[in-house]
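In: predicted model and sequence follow; I will ask about them next.
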Amino acid sequence: MAAPFAGDAGTGWTAAWGGAALAVLVLLDRLRRRHRGAAAEAARAAEQARRADADRRARLETQAALVREEAEYLVRTRIAAVLDGEPVPPPLHGGLLDEGVARELERVLDVAADAVEEGRERRESLRLAVVALARRVQAAAHRIQEEASLMADRHPGNADVLATSMGVDHSAAQQARLAQSLAVLCGEGPGQQWQEPLALVDVVRAASGRITAYRRVEVSGDPDVAAAAQVVEPLIHLVAELLANATQSSPPATAVTVTVRPVQRGAVVEIDDGGVGMDDHALEQAREVVSGRRELGIGEVGEVPQTGLAVVGRYARRHGFGADLMPSPYGGVRAVVLVPAEAVEMLEPAGTVPVERDRPRPAAIAGTPAADGSRTAAAGGPSAAPAGGASAAPAGGAGGPHLPQRRSLRGRPATGTDRDRGQEAAEPGGHRAAPTPQQAGEWMAAYFRGSQGAVTGARDDKDHTDDTDDTKEGR
């Protein structure tokens, strides 16, 4: 009985171990399947993560590219429009940018716009202040001229007083021109209107009366060609600036020749100096300014202000004058001013102011050098600017005494003044006879009447042309 029991026990253990092994195998198979499933899930998750990361990177790169483009567009186009005062275009990628980024870019634009507006207001305040100061200086210069005229009227027989009055009037005219140049560079107009046309030869003479070296200016040309009343004052100022440059840029002993002639499209004023000229680069830059193609403001004329050509360019652009520079056949620079046909008139012979060589010479002050009086083509002409309330007829026209040249007194003082100031000596052979008090008074009265040729709207707002001291005026 024992043997069969032992065999059954062995068989039982074998079956048990077999069942256990089978269970283990089943469990291992399940574990392997689970592992493979987990591994596959992990692989799928890793792939998804990789794809998500790639998508995120692509989105970031796209956003970065959009931000770069939008920022560049903001600086080059939208902020540039703010600076130029033009309408600001919308964002380039408004709907594609991240909301936070778009909001910050708009904030940058707002800050730039606020800064531009603040700067514009500051510049406008500065401009108005400069204009106000310039007008005050002009008004003071005009009062000085009036006082000089009254002083001459009170002492008609005193040659020294007459000469001093002329000198004061001339200096005040230059002061007024400087102030007017500042106003023009600030965008203001002349501020006054001549009542009648003025012959271009007299425009040149009036302009020469507003510069220091007026005696070196020689003008010739058709006396019947005139500038219309509305452009007389701008044209006088423009020519004065060119004459100032010409006299400053040429040797003191040389003349500056001015020629007036009609052309098909209007009339031309040509100014030639005998200086050393300009190199090609400087000449091209000056041409850009004088023609008005490049407009300079009050803050762009340098620490040592050179306002002349900038003022010319302003007038050329505003009134349609053609202004250009080129080498002169005399070695210096030729300035050419074209007055358009609509601003040119022809004077009737009866109302024409004759060219200086045909004009009767005024009586000389005692001690006046006869040699200097031989320059019959030298410019003199009307005063540096018209004064309010006076007749607007051209100086020296028919029906009244001829207007003497401004240099007759300013440049030729009496003998005593010559000795005191060391100015040019009289011609060998003696002096001309001194005028009688009545003659001197009539001469001075005629001069000051002729000096007042136009009417201004407001007494304290006269805009006479006057630039800086010619010795500081360069091109």
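Out: Thanks, I have the structure now.
In: what about residue 31, is that helix, strand or coil?
Out: Of the three states, residue 31 takes helix according to DSSP: H, G, I helix; E, B strand; the rest coil.
In: which secondary structure element contains residue 286?
Out: Assigning secondary structure by DSSP states H and E places residue 286 in helix 280-290.
In: for that helix, buried residues please.
Out: Residues 283, 286-290 are the ones in helix 280-290 that count as buried (16 or more other Cβ atoms under 10 Å). The way it works is simple: take the backbone N, C-alpha and C, and place the C-beta from them, glycine included.
In: for residue 254, which three-state class applies?
Out: coil.
In: isn't it right next to residue 217, touching?
Out: No - Residue 254 is beyond contact range of residue 217, at 11.2 Å (criterion: Cβ atoms under 8 Å).
In: neighbour count for the two, which is higher?
Out: residue 217 (27 against 16; other Cβ atoms under 10 Å).
In: bridged to the more buried one, which residues?
Out: For residue 217, the beta-bridge partners are residue 256 (DSSP bridges).
In: distance of it from residue 273?
Out: For residue 217, the distance to residue 273 (Cβ to Cβ, to the nearest Å) stands at 10 Å.
In: could you do residue 69 as well?
Out: Separation of residue 69 from residue 273 (Cβ to Cβ): 55 Å.
In: and the two? which has more neighbours close in?
Out: Per other Cβ under 10 Å, whichever of residue 69 and residue 273 has more neighbours is residue 273, with 27 against 13.
In: quick check, that one in contact with residue 328.
Out: Yes - using Cβ under 8 Å, residue 273 is in contact with residue 328, at 6.5 Å.
In: distance from the host helix or strand of residue 16 to the middle of the chain?
Out: Residue 16 is part of helix 2-73, with elements assigned from DSSP H and E. Relative to its chain's centre, helix 2-73 lies at 82 Å (Cα atoms, centre = their mean, to the nearest Å).
In: which helices and strands does that helix pack with?
Out: helix 99-154 (3 or more Cβ pairs under 8 Å, 6 or more residues apart in numbering; DSSP states H and E).
In: give me the low-pLDDT residue ranges for the chain?
Out: Along the chain, segments meeting pLDDT under 70 span 1-10, 191, 302, 349-475.
In: residue closest to the middle of it?
Out: For the chain, the residue nearest the mean C-alpha position is residue 296 (2.8 Å; Cα atoms, centre = their mean).
In: secondary structure class for that residue?
Out: Residue 296 ends up coil, using three-state DSSP.
In: how far away is it from residue 290?
Out: In this view, residue 296 and residue 290 are 10 Å apart by Cβ to Cβ.
In: list the residues that contact both of these two?
Out: With contacts defined as Cβ atoms under 8 Å, 6 or more residues apart in numbering, the residues shared by residue 296 and residue 290 are residue 313.
In: neighbours around residue 136, how many?
Out: By the measure other Cβ under 10 Å, the count of residues near residue 136 is 12.
In: who's in contact with the closest residue to the residue nearest to the centre of the chain other than its chain neighbours?
Out: In this structure, residue 296 finds its nearest non-sequential neighbour in residue 310, 4.0 Å apart by Cβ to Cβ, 6 or more residues apart in numbering. Residues in contact with residue 310 (Cβ under 8 Å, 6+ apart) are 185, 289, 295-296, 300-301.
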